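[1] fold the stuff below for me.
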Amino acid sequence: MAFDQGLLARVRDAQHVVVFTGAGVSAESGIATFRDALSGLWSRFDPMRLATPEAFEDDPELVWGWYEWRRMQVLSTQPNPGHLAIAELAKRVPKLTLVTQNVDDLHERAGSTDVLHLHGSLHQPRCSQCAAPFSMPPEPPVEPAAGRRLAPPCCERCGGEVRPGVVWFGESLPVDALEAAFAAAAECDLLLSVGTSGVVYPAAQVPEIALRAGAAVVHVNPQPQALGGRHEWLLAGAAGEVLPSLLQAAFDE
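    Okay, the predicted model is just below:
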């Protein structure tokens, strides 16, 4: 894969890189996105209606069962070359901030640290009443059958029902993570937007902030969309193919 020499120079000379990832990166590991049709018995349900506080209040066993099914799917997958390339890039540049909209732990399993999760995590449930964190057992239970209800555990502090640790539709993004992402975007000199269409706000402001601050912005996606800035590159393709090639061209050739 051939790359523009100006882009390669930007990557080699970058002092602070922000990597902003979306569902496309996880999809390359086989994790279904919200745009994908649900399979099996779950095809009876609309994922948009399961991912709300109201859905959990109305039927906590259904919602918890669905999220446990999703979590077990994630645990059965592995990081892909895109995840690994991002972790490798962190070793090649002075500073890297990783911001993700994904709720899995594939970045961490690939070796990335201090990941900013804008939409929460499947692996960090909390009490629906007092918000106390809840530790899942180290050995995961048997994967719930698709469409099966599963009673959520009880909070050890107040006895309330434990809910998934993700940001549901209608909820605000975690303030600390969002502010940290905005701050990193404002001070970086290179931002890689990977596997995201950039249409979900307020997270989609991250590359916009970087572009306005004068950073170079690189979009890696099968159908990348430009923001209209002067220093943008569109790299059409899968993260697992484009990112390893980009790193090799920038640092090893």
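[2] quick check: Arg109 touching Pro79?
    Yes: the pair Arg109 and Pro79 qualifies as a contact (CB atoms under 8 Å) at a distance of 5.2 Å. Placement of C-beta: from N, CA and C, glycine included.
[3] which one of these two is surrounded by more residues?
    Relative neighbour count places Pro79 above the other of Arg109 and Pro79, with 23 against 17, counting by other CB atoms under 10 Å.
[4] can you tell me the closest non-neighbouring residue to that one?
    Nearest residue to Pro79, sequence neighbours excluded (CB to CB, 6 or more residues apart in numbering): Ala110, at 3.7 Å.
[5] which residues does the nearest residue to Gly170 once chain neighbours are set aside contact?
    Using CB to CB, 6+ apart and skipping the chain neighbours, the partner closest in space to Gly170 is Thr52 (5.9 Å). With CB atoms under 8 Å, 6 or more residues apart in numbering as the criterion, the residues that contact Thr52 are 168-170.
[6] so can I have CSV of those residues showing distance to Ala226?
    Converted to CSV, these look like this (distance: CB to CB, whole Å):
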residue, distance to Ala226
Trp168, 31
Phe169, 28
Gly170, 30
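[7] got a winner among the residues you listed for most neighbours?
    In terms of neighbour count, Trp168 stands highest of the contacts of Thr52 at 17 neighbours, by other CB under 10 Å.
[8] and that residue, what element?
    Secondary structure assigned from DSSP states H and E places Trp168 in neither a helix nor a strand.
[9] quick one: list the elements packing against the lowest-mean-pLDDT helix or strand in the chain.
    Sorting the helices and strands of the chain by mean pLDDT, DSSP states H and E puts helix 47-50 at the bottom, at a mean of 78. Applying 3 or more CB pairs under 8 Å, 6 or more residues apart in numbering; DSSP states H and E, one finds that helix 47-50 contacts helix 60-75.
[10] thinking again about what came up before, now the residue nearest to Pro79: how far from Glu28?
    Distance, Ala110 to Glu28, by CB to CB, to the nearest Å: 12 Å.
[11] could you find the closest non-adjacent residue to the residue nearest the centre of the chain?
    What sits nearest the mean C-alpha location of the chain, by CA atoms, centre = their mean, is Asn102, with 2.1 Å. Among residues not flanking Asn102 along the chain, Ser26 sits closest, at 4.9 Å (CB to CB, 6+ apart).
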